[in-house]
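**Student:** Curious how this folds, go ahead:
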Amino acid sequence: MPVFAGEFLQAVMVLFCGDDEAHVGALELWHNDPDVSHEMRLVDGYYGTADMFEFNSRHTRFPHGFGLPGRTWKAGLPLIIKDLHNAKSFLRWEEAAEIGINLGVGVPYRTGADQSWVLTFLSAQATPIARRFEIWVPNEARSALVFRAGDCSGQTDLAGLYATTSIARSDGSIGGAWATGMPAISDDLAHDGSIAAAEARAAGLSQMVALPVIGSAGLDAVLAWYL
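**Tutor:** This is a model prediction of the structure:
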């Protein structure tokens, strides 16, 4: 997963995926070239054992604002879609429901004036990619990060939990990703002093990855996921 700041490549974060006969889930890369099409099409993906879902995805196109890739493209920010079996905005919801995929996360990339890319995580309840996802964005004054959206396998009300809290620049892994423009990996949240890490520890989570999403004018968001 590359991290760009304008035309400059800040870092590349590498994910290694496990696999077995029961594994369901997907990582996908979508792309739009306006000189070719007004839709996003799949560049490549990993689907575990979901062969039919993979086949359908490779033959699906997403207009601007439709489906997880198209909605992430339009928003220009990380996006979380929960309960995909009930989410008609997720155009592949029927196929996803059949194999147990219940959560989608999209990450936008802009690497040129007119090229758009979206990376998607599709997570199954039985084999989740992460136990908690959070999206943090700068407040209006850009003095702190505030919670925008999230999902927790423990059914925690994250919006309520973080309603009156914020994360300062350089505060823990999430604030550090904002300060440096670099991804951050914490393999022991006991050493992270942020409110997000404290709440994660209270929920029995011990590890975190924080990915900065950088736009043309600075940080747009930090996507954090927890194990």
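
**Student:** C-terminal to the lowest-mean-pLDDT helix or strand in the chain, which secondary structure element comes first?
**Tutor:** When the helices and strands of the chain are scored by mean pLDDT, DSSP states H and E, helix 93-99 comes last with a mean of 67. Of the helices and strands lying after helix 93-99 in sequence (DSSP states H and E), the nearest is strand 101-110.

**Student:** Show me the shaky parts of the chain.
**Tutor:** Residues of the chain meeting the criterion pLDDT under 70: 20-22, 85-98, 111-113.

**Student:** which residues of it fall in strands?
**Tutor:** Applying DSSP state E to the chain gives strands spanning 2-5, 8-12, 24-32, 39-48, 61-63, 79-81, 101-110, 116-124, 132-138, 145-152, 184-186, 208-215, 218-226.

**Student:** I'd like to know which of the ones you listed is closest to T164.
**Tutor:** Nearest to T164, of all the strands of the chain, is strand 145-152, at 9.9 Å by CB to CB. The C-beta positions use only the backbone N, C-alpha and C, and glycine is treated the same way.

**Student:** which parts of that closest one are buried?
**Tutor:** Residues of strand 145-152 classed as buried by neighbour count (16 or more other CB atoms under 10 Å): L145, F147, R148, A149, G150, D151, C152.

**Student:** Would you reformat these as CSV and include distance to L119?
**Tutor:** Formatted as CSV, those follow (distance: CB to CB, whole Å):
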residue, distance to L119
L145, 21
F147, 22
R148, 18
A149, 17
G150, 18
D151, 17
C152, 21
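
**Student:** So the residue positioned nearest the centre of the chain versus I99, what's the distance?
**Tutor:** Nearest to the mean C-alpha position of the chain, by CA atoms, centre = their mean, lies V105 at 4.2 Å. V105 sits 17 Å away from I99, going by CB to CB, to the nearest Å.

**Student:** Please work out which residues outside stretch 37-51 touch it.
**Tutor:** With contacts defined as CB atoms under 8 Å, 6 or more residues apart in numbering, stretch 37-51 is touched by 17, 19, 21-32, 53-54, 57-58, 60-64, 69-70, 73, 99, 101, 116-118, 127.
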